[in-house]
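K.L.:
model this:
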Amino acid sequence: MQIDAVPLRGTPMDDAQPRWMKSTWRQVRFLVRYAIDEGEDQRRARTGIGAVTEVTALAAALSLPTSTIGPVKVGGSTEIGALLGTGLVSAVHDIDGSPWGNRIGHVPLAPLEAVVSARSLRAGIARSDRLAGYVSRSVLLPSAAVVSCEDLAMADLYGIGVRQGPSVAESVLLCHPDQLQVDRITAEWWAFCEELYAEHLTAAGGARAQCSSLNQLWTSAGGSSPGR
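P.N.:
Numbers count the residues shown, from 1 in each chain. Presented below is the predicted three-dimensional model:
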């Protein structure tokens with residue numbers, strides 16, 4: 001689903017000191033390197049808002065402009081209240097009986113690379129396919145694995161990086177992954193980032209790691225969340 005072009009904005013995400021954490025998406029376990037948008041993270045911290053993983057809420061927020069106001073494309077007052085509770089949208093204005101507002105929230109986390117561990121390169125490529133379109137992908141192979149030139153050529157064809165070693169920190173990079181260029185943000189990709197942000201908050205500890213009652217209100221109002 002394509003949404004109007006929405007740039008990644010806010011405080012530049014600095015990956016000079018990359019963060020790593022374990023994650024799972026669509027039944028694929030991986031190690032992800034990521035960067036935090038400090039401006040968006042601090043904005044949410046000031047209001048006690050954590051991760052917003054409901055795809056419907058993110059789609060509604062994406063449909064709104066940031067520099068002016070536009071019509072809020074959700075259902076009744078319950079959904080509007082839940083959308084406001086996410087902290088992504090400003091106060092809603094009533095114009096000719098229709099709700100209008102603008103988006104103030106942004107993507108809080110940028111996934112830079114997902115590393116999938118596998119015993120063979122072909123198995124790793126197949127497993128990482130579920131992450132295609134969401135993050136740059138690499139496969140980590142054990143030190144004893146035999147890697148052929150044909151396998152490396154196949155990985156390069158798919159834009160998948162290849163590492164070999166006992167761990168990511170001790171691995172040798174055999175093939176660089178293609179960098180994912182996100183020119184147009186979709187609600188699904190934003191939800192993926194929010195899922196990772198939720199795991200980041202959980203690792204950091206604190207009240208924001210817990211789902212807020214307002215997010216639960218959105219789900220009860222008919223919203224949806226992506227399956228992990």
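K.L.:
how about Pro65, what does it touch?
P.N.:
Shown in contact with Pro65 (CB atoms under 8 Å, 6 or more residues apart in numbering): Asn102, Arg103. C-beta: built from backbone N, CA, C; applies to glycine.
K.L.:
Just read off the phi/psi values of it.
P.N.:
The phi and psi torsions at Pro65 (degrees, to the nearest 10) take the values phi -70, psi 170.
K.L.:
Show me the residue sitting in the middle of the chain in space.
P.N.:
Cys193 (1.1 Å; CA atoms, centre = their mean).
K.L.:
can you give me how far the helix or strand containing that one is from the chain middle?
P.N.:
Remark: Cys193 resides in helix 187-204, with elements defined by DSSP states H and E. Its chain's C-alpha centre and that of helix 187-204 lie 5 Å apart, by CA atoms, centre = their mean, to the nearest Å.
K.L.:
Check what contacts that helix and list those residues.
P.N.:
Applying CB under 8 Å, 6+ apart, the set of residues contacting helix 187-204 is 1, 3, 19, 21, 23, 25, 32, 34, 36, 50-56, 58-59, 62, 107-111, 133-135, 182, 208-209, 225-226, 228.
K.L.:
out of these, which are inside strands?
P.N.:
Cross-referencing these against strands under DSSP state E gives Arg19, Met21, Ser23, Trp25, Val32, Tyr34, Ile36, Leu109, Ala110, Pro111.
K.L.:
Count the residues that sit near the third one.
P.N.:
So the one you mean is Ser23. Using other CB atoms under 10 Å, Ser23 has 21 neighbouring residues.
K.L.:
Surely it and Arg33 touch.
P.N.:
No - between Ser23 and Arg33 there is no contact under CB atoms under 8 Å: 10.7 Å.
K.L.:
all helices of this protein, in order?
P.N.:
38-47, 55-62, 77-85, 121-128, 149-158, 187-204, 213-220 (DSSP state H).
K.L.:
Domain ranges for the protein, per the record?
P.N.:
Following automatic domain parsing, one gets these domains for the chain: 18-37+110-184, 48-107+197-220.
K.L.:
Now the weakest link among the ones you listed, please, by mean pLDDT.
P.N.:
Across the domains of the chain, domain 48-107+197-220 has the smallest mean pLDDT, namely a mean of 79.
K.L.:
show me what contacts the most far-flung residue of the chain relative to its centre?
P.N.:
The centre of the chain is farthest from one residue, Asp96, which by CA atoms, centre = their mean lies 36.0 Å away. Asp96 makes no contacts at all, as judged by CB under 8 Å, 6+ apart.
K.L.:
Report the separation between it and Phe30.
P.N.:
Distance of Asp96 to Phe30, computed by CB to CB, to the nearest Å: 49 Å.
K.L.:
Pro65 too?
P.N.:
Between Pro65 and Phe30 the computed distance is 35 Å (CB to CB).
K.L.:
Equivalent analysis for Glu195, please.
P.N.:
In this view, Glu195 and Phe30 are 12 Å apart by CB to CB.
K.L.:
Give me the more crowded residue out of those two.
P.N.:
Taking other CB under 10 Å, Glu195 and Phe30 do not tie; Phe30 has more neighbours (24 against 21).
K.L.:
wait, doesn't that one sit right on Leu131?
P.N.:
Yes - under the criterion of CB under 8 Å, Phe30 makes contact with Leu131 at 7.0 Å.
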